[in-house]
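# Below: sequence and its predicted model.
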Amino acid sequence: MNLQDLVDELAETLGRSVVINDLAYRPIVASAQGDDIDEVRARALLRRMTPPRERAYLETLRVTQSRRPLTIDLAQFGAHERLAVPIWHDDTPLGVLWLITGNLPPLQDHDFRAVDAAVEVARGVLAERNTAGAS
């Protein structure tokens, strides 16, 4: 499965958009954006990078170094709350899967299982991509 199919399937399962960013907060792949899109998401997708002010904030939270999902409050930027799910392979961070959670129904146990499964698939694809890029 490729990453585009993965985020599209997860977005359909969860009923919300999904984005996977690289470690520089640039979108690698994104599902279709529904009504939950906000200005931060729109700018990040259109410019292919997270705006500098928001990126600096995320860096203070050490999102790309986290080993656990983080709930990120972006209200100070006029944006919806997000769930950031780090993607690691062994001791190497590979990216972050992002879900908008603010103003949407809470995620349920079956949703978290779907996110975990998607992260496992993304881990394999991104690790393979990193290995191919290194050689």
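Arrived safely. None of these values were measured; they are calculated from a predicted model.
# Could you verify that R16 is part of a strand?
No - according to DSSP: H, G, I helix; E, B strand; the rest coil, R16 belongs to no strand; its state is coil.
# can I assume D111 sits in a helix?
Yes - checked against three-state DSSP, D111 lies within a helix.
# I figured it hits R16, correct?
No - between D111 and R16 there is no contact under CB atoms under 8 Å: 9.2 Å. In this view, the C-beta of every residue, glycine as well, is placed from N, C-alpha and C.
# what's the following helix or strand after the lowest-mean-pLDDT helix or strand in the chain?
Of all helical and strand segments in the chain, the minimum by mean pLDDT, DSSP states H and E falls on helix 39-47, at a mean of 68. The C-terminal neighbour of helix 39-47 among helices and strands, as given by DSSP states H and E, is helix 52-60.
# before we move on, the earlier item: looking at D111 and R16, which one has more neighbours?
Applying other CB atoms under 10 Å to D111 and R16 shows that R16 carries more neighbours, namely 22 against 18.
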